[in-house]
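J.: Kindly generate the corresponding structure for this input.
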Amino acid sequence: MPLPKSLRLLLPLALLLVACAARAGNGYPLVLVHGFTGWGRDELLGFKYWGGFEDLQATLERAGHRTLTGVAGPLSSNWDRACELYAHLKGGTVDYGQAHAAAHGHARFGRTFPGLYPDWGETDGRGRLRKIHLIGHSQGGQTARVLVALLEQGSREERAATPATELSPLFRGGKSWAHSVTTLASPHDGTSIAANGTRLPDLARGVLLGLAALTGADPDELPYDFKLEQWGLRREPGESFGAYLARVERSPIWQSRDISGWDLSPDGAQALNRRFLAQPEVYYFSWATSATVPLGPAGHQVPRPTLLPQLWLAALFIGAYTRDEPGHVRIDPSWWENDGLVNTRSMAGPTLGSPDRIAPGDGPPRRGTWNYRGVLAGWDHMDIIGIGTTRDVGGWYRSLARALADLPP
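T.: Presented below is the predicted three-dimensional model:
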């Protein structure tokens, strides 16, 4: 039976509206999550973690993508960082959890934030849940995974240890507030440079002093905050950065398992992977970077000439390091390729101790699975966030943002 003329006239308009709705995507904000030794937008004299002398948040905003830059402790564990990132976005006082704080011997509560996105998790005018896309660089990828798992599953230990009226909403679970997680050069299986955690304080010192030189800052007056109040390591008024850094380096926190040094080690990453799994309704994407090539009969990996000079020693160490000791993750030559700080094989997604599925390729993305987008050959650990590079990183991030915006809501 033919359609009435009035319906035939309306049909093209209806199809156009459906097509526009399909292209409209989801409209969720992007949240950038920094890694080890990272910093906020008001630190380091305005030199941006995301972009360096180029502001990637501003670049994405100009392209029409609402973007927020999250802040968390640059040396803290991924649990502590996830709690801080939650409070930084939603607003309120950081609650590290009663059970967690008691187990690790630090304060339960931290800083109070007004909230970058207080409406996060609420419904909009159309009844849709306000979600986010998390984009994590380096350790920030681990942090994003922990945050999403806590939002979705909560914490059984915290629910058992804390009266319901005092329990942080983060530990209750049932919050499908993240639409996707994208990790860039993230040590899902840890990094060889942290296999012996005592190397990390030296690495942090080298990175931060290198940044001071890059920005032209006086190293003693570097405007930088380790955000370790839960450990009693607040920077005192008038305290030079050098004295503050020395105090952090001498602290017993480096013997704790509630610190970045443990989570970034292969053994610690394995424990993290067993506990925080990919959530079935969330899209996961991963990108790897590589800035070394094999050399000599042993096949040790050495830096490409374009590798940032501050990363050469770390790249050479990772490119030849092996370990085969009982009770520890075995590190063999497959771990040698790296980007100056992280082993390339660690970046596709969690494999050590994890049941998560990794699907290489650039096909249609699937939820609950790591959609591994491959290796950016010749890109070092800082290239991918726009520091010390001549690449068009802004264009790369605009493409990433468009792909995330096109995911079905």
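
J.: how about the strands in this structure?
T.: 30-33, 67-70, 92-95, 109-113, 132-137, 178-184, 283-290, 292-295, 300-303, 358-360, 370-377 (DSSP state E).

J.: Dump those strands to CSV, plus mean neighbour count.
T.: Where you see a C-beta, it was placed from the backbone N, CA and C, and this is true even at glycine. Below are these laid out as CSV (neighbours: other Cβ atoms under 10 Å):
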stretch, mean neighbour count
strand 30-33, 27
strand 67-70, 21
strand 92-95, 19
strand 109-113, 16
strand 132-137, 26
strand 178-184, 26
strand 283-290, 24
strand 292-295, 16
strand 300-303, 20
strand 358-360, 15
strand 370-377, 18
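
J.: closest one to residue 150 among the ones you listed?
T.: Of all the strands of the chain, the one in closest proximity to residue 150, counting by Cβ to Cβ, is strand 178-184 (10.4 Å).

J.: Let's have the strands of the chain in TSV, adding mean pLDDT and distance to residue 200.
T.: Below are the strands of the chain laid out as TSV (pLDDT from 0 to 100; distance: least, Cβ to Cβ, whole Å):
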stretch	mean pLDDT	distance to residue 200
strand 30-33	98	19
strand 67-70	98	22
strand 92-95	98	23
strand 109-113	98	21
strand 132-137	98	17
strand 178-184	98	20
strand 283-290	98	20
strand 292-295	98	20
strand 300-303	98	20
strand 358-360	96	27
strand 370-377	98	25
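
J.: quick one: which of the ones you listed is nearest residue 257?
T.: Set against residue 257 and scored by Cβ to Cβ, those come closest in strand 109-113, at 18.7 Å.

J.: Of all the strands of the chain, which one comes closest to residue 157?
T.: The closest of those to residue 157 is strand 92-95. By Cβ to Cβ, the value is 13.5 Å.

J.: Could you dump the strands of the chain into TSV with distance to residue 318 added?
T.: Putting the strands of the chain into TSV (distance: least, Cβ to Cβ, whole Å) gives the following:
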stretch	distance to residue 318
strand 30-33	23
strand 67-70	27
strand 92-95	33
strand 109-113	33
strand 132-137	18
strand 178-184	18
strand 283-290	11
strand 292-295	8
strand 300-303	7
strand 358-360	21
strand 370-377	15
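
J.: now for those, which one comes closest to residue 334?
T.: strand 300-303 (10.8 Å).

J.: Enumerate every residue touching the spatially most central residue of the chain.
T.: Computing the C-alpha centroid of the chain and ranking residues by Cα atoms, centre = their mean puts residue 140 first, at 1.6 Å. Neighbouring residues of residue 140 by Cβ atoms under 8 Å, 6 or more residues apart in numbering: 32-35, 38, 72, 183, 186.

J.: and what of residue 371?
T.: Contacts of residue 371 (Cβ under 8 Å, 6+ apart): 283-286, 359, 361, 365.

J.: Quick one: the helices in the stretch 1-150 of the chain, in order.
T.: Along the stretch 1-150 of the chain, the segments classed as helices by DSSP state H, counting those that start in this stretch run 5-24, 56-62, 78-90, 98-104, 139-153.

J.: should've said the stretch 251-400 of the chain
T.: Remark: helices assigned in the stretch 251-400 of the chain by DSSP H, counting those that start in this stretch are 260-263, 266-275, 312-318, 393-405.

J.: and the second one, average pLDDT?
T.: Per-region confidence: helix 266-275 scores 98 on mean pLDDT.

J.: And that helix, what's buried?
T.: Buried positions in helix 266-275, judged by neighbour count with 16 or more other Cβ atoms under 10 Å: 266-273.

J.: Now flag whichever of these is closest to residue 334.
T.: Nearest to residue 334 among the buried residues of helix 266-275: residue 266, at 12.3 Å, using Cβ to Cβ.

J.: Please give the number of neighbouring residues around residue 309.
T.: Residue 309 is flanked by 10 other residues according to other Cβ atoms under 10 Å.

J.: Next one, pLDDT for it please.
T.: So residue 309 comes in at 91 (pLDDT).

J.: Thanks again, I'm all set now.
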